[in-house]
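what's the 3D shape of this:
(chains A and B)
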Amino acid sequence: MQSEQQHITIYTSEPSLSNPRKMWQEMLRDLFASRELAWRLTVRDLSAQYRQTFLGFLWAIILPLANTLVWIFLSRSGVINISETPLPYPVYVFTGTMLWAILMDALNAPLQIVTASKSMLAKINFPREALVISGVYQVTINALIKVTLLLMALLAMGIYPNWSALLFPVALFSLILVGTVIGLSLTPVGLLYTDVGKATPLLMHFLMYITPVVFAMPKEGFSATLFRCNPLTPLILTARDWLTGLTPMHLSYFMVVNAIAIVLLFLFWIVFRLAMPILIERIGS
Amino acid sequence: MGETLIKVEGLSKKFCRSLKKSMWYGMQDIGSELLGKRQGSDGVLRADEFWATKNINFELKRGECLGLIGHNGAGKTTLLRMLNGLIKPDQGRIEMRGKVGALIALGAGFNPILTGRENIYVNAAVLGMTKQYVDTKIDEIIEYAEIQDFINAPVQTYSSGMNVRLGFAIAAILIEPDILFLDEVLAVGDMNFAIKCLNTVRRITNKSAVVFVSHNMQQISWFCTRVMVIDHGTMVLDSPNPSVGIDRYYGLSKHDQQISGKGEAQIYGVEMIVDNQNVGEVEPAIPHGTEICLRLKVHISDKRTGAIIHVNITDEAMNPIVCMPLHNTIGKLNKFPAGLLDVQMSIGKVELRSGKYYIMVAVMDSKSNELLTRVQGISPFRIISDRVHWGKVVRHIVPHRIVALKPTI
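The predicted model follows:
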């Protein structure tokens, strides 16, 4: 109690970056202070979400399943011609869409949860990190549900994962990591300009077609280069390969993407912190 | 009086009138913040910008309560938001010692689907409280909010009163701040609960340094040890005497007359006469207890055979405080003839508490009671006294008999 009596708060017009040491201390302090709140918000959002549905967690699988059925129909009917996939096509497309859905959840979470908390942000001083962390928690829990359902579906389709499935959590972690990093980078601008929130699904839909989600990796040509350069490609491929017992082919790129993502996460965290007070004064309450 | 807990120096904040520009400036500000140089601290305004608060200075000690008063848009809430760390100052500095608490957004983070009990934990977490701490206080909160029977029902089934009671109970019971910010949250729930709130807030305010924003001058005079009047972002007055501050605040307000009725009578003016002298000022300051005469010029349409007149004194919110129907010597409502009349009357001692008041005149047909005219907001005047009292009417009483009694055991 005594130490709290002595606690001194100072607000000035000085940019936080002019005192990096102090900023770093505050970042760690707020991160630490976020734990309880982040978890509480997670419990709040998830219980409210599941209390209001009849089908409950089945929704985690209904959309990817519908998507899969569309693609199976398209390929069987010959509307589109899909080159040979290393797995039976239904398995390939189903795992692909499930993993992609997890990535999308992680990508959308930061902007979504911060936007939903606008009025709270405008009125109450609480560690803003808690919102992003709560988003990560929620995405992770929903992802675990998805993975469980996916595993059951794989077994039903006759695909038996081997020891490499033990590495799958690493791939899952990096999907959520990269998704969160992209989402966090969009949040400051997205909070001001709703264009960001509207354009994101469009862009991501396009990105999906140059990632081996429903299509196999092209062997040659321009599209092969596009697929190969796309940083999301190694994430989806490695996750799918580890889950289904294939040998991942893009492990080094996978590691590079993750390393960059960790650095970017840190940078965008700083941007998020610095932008927040400016955004709050612009969005009002 | 304890140690200084809040120190504010040269605090300024600018806002932008245009939404599009505001968004764009926001992007620029983020850019310059990232480059480590904040725009705006040089005091230059960009197009469409204005100072929402400008050069505010004050210090506040433990046990003091500073009332911030001013009209809507004067910059009170902006100042409070800077103090609360929600937005960054463009100029100046805030230094605060100790735990900061706020009774501002009650029930923040409530999810309507969840039960009252679950929402207590959510709201408490937003306020920075741990679950263990809330566990020890939860019964007290539920009892305080008076919602024992509904605590396990979803909050969306609550009435708005229950909602706000729960929100207030959580914040008021959990926070133990050294510095407290209050923004118009005291009138919560029904009458009984509002009184309970006021008492709770008083208990908290005694131990901390408080900044209180309100339009309710009664609450300001009740709580505050100091009053700061803000107008267009600048500090107009900082006074240790709340009644001086409140008087100044009323002086800032513009008055406009409201006229209703059939328009078959006109009020040409109400003059105030003190000691046989016409009070010529626009908004006279009259000491409490002064004898006042009114001189009313009224025209009643020839279409009417007779009219009755009511004169009222209203407060700044146009609530009637004193009703004065004009009678004749035999105790009946006086019947005024048609035409232009000059009516003079003594209204006796004004025993109103300090504040701003208006005259309201209503003229009605004596038979049909039709409203010929009613004019609100005439002749604003201020009553001044050295103290602000709780009641609307303040009568100084001198006991006519005081006898010391022997104590009986």
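
Contacts only, for the residue of the stretch 101-250 of chain A found nearest chain B.
Minimum separation of the stretch 101-250 of chain A from chain B (C-beta to the nearest C-beta) falls at residue A:123, amounting to 3.6 Å. Yep, even glycine has a C-beta here, placed from its N, CA and C like the rest. Going by C-beta atoms under 8 Å, 6 or more residues apart in numbering or on different chains, residue A:123 touches A:285, B:86, B:104-105, B:108.

Now a PyMOL select for only the buried ones of those.
Provided next is the PyMOL selection string for whichever of the contacts of residue A:123 are buried by 16 or more other C-beta atoms under 10 Å in any protein chain shown:
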select buried, chain B and resi 86+104+105+108
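
Which members of the contacts of residue A:123 are the farthest-apart pair?
B:86 and B:108 (12.3 Å; C-beta to C-beta).

intersection of neighbour lists for these two?
By C-beta under 8 Å, 6+ apart, the residues touching both residue B:86 and residue B:108 are A:123-124.

would you put the C-alpha positions of the strand or helix carrying residue B:77 in PDB?
Here residue B:77 sits within helix B:76-83, counting by DSSP states H and E. Extracted in PDB, the C-alpha atoms of helix B:76-83 (Å, rounded to 0.1, in the frame of the first residue of the first chain):
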ATOM      1  CA  LYS B  76     -14.500  20.600 -18.700                       C
ATOM      2  CA  THR B  77     -14.700  17.000 -19.900                       C
ATOM      3  CA  THR B  78     -11.600  17.500 -22.100                       C
ATOM      4  CA  LEU B  79      -9.700  18.600 -19.000                       C
ATOM      5  CA  LEU B  80     -11.000  15.600 -17.100                       C
ATOM      6  CA  ARG B  81     -10.100  13.200 -19.900                       C
ATOM      7  CA  MET B  82      -6.500  14.500 -19.900                       C
ATOM      8  CA  LEU B  83      -6.300  14.200 -16.100                       C
END
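
following that helix, which helix or strand comes up?
strand B:91-97.

Remind me what the helix or strand following that next one packs against, helices and strands.
Toward the C-terminus, strand B:91-97 is succeeded by strand B:100-103 as the next helix or strand (DSSP H and E). For strand B:100-103, the packing partners by 3 or more C-beta pairs under 8 Å, 6 or more residues apart in numbering or on different chains; DSSP states H and E come out as helix B:160-174, strand B:179-183.

which strands and helices sit next to the first one?
Think helix B:160-174. strand B:100-103, helix B:116-126, helix B:131-145, helix B:191-207.

The shortest one too?
Using 3+ C-beta pairs under 8 Å, 6+ apart, the elements in contact with strand B:179-183 are helix B:76-83, strand B:100-103, helix B:191-207, strand B:209-213.

now, of those, which is deepest in the fold?
Burial of these is given as mean neighbour count (mean count of other C-beta atoms under 10 Å in any protein chain shown); strand B:209-213 ranks first at a mean of 26.

quick one: is that strand near chain A?
No. On the criterion C-beta under 8 Å from any C-beta of the partner chain, strand B:209-213 is out of touch with chain A, staying 12.7 Å away.

Pairing partners for that strand, with directions?
Partner strands and pairing direction for strand B:209-213 (DSSP bridges) are strand B:65-69 (parallel), strand B:179-183 (parallel).

Quick check: what element follows that strand along the chain?
Following strand B:209-213 toward the C-terminus (DSSP H and E): helix B:217-223.

Contacts for the helix or strand that comes right after that following helix next, please.
Counting by DSSP H and E, the next helix or strand C-terminal to helix B:217-223 is strand B:226-231. By C-beta under 8 Å, 6+ apart, the residues outside strand B:226-231 that reach it are B:53, B:56, B:58, B:60, B:64-71, B:74-76, B:79, B:220, B:235-242, B:244-246, B:248-249, B:252.
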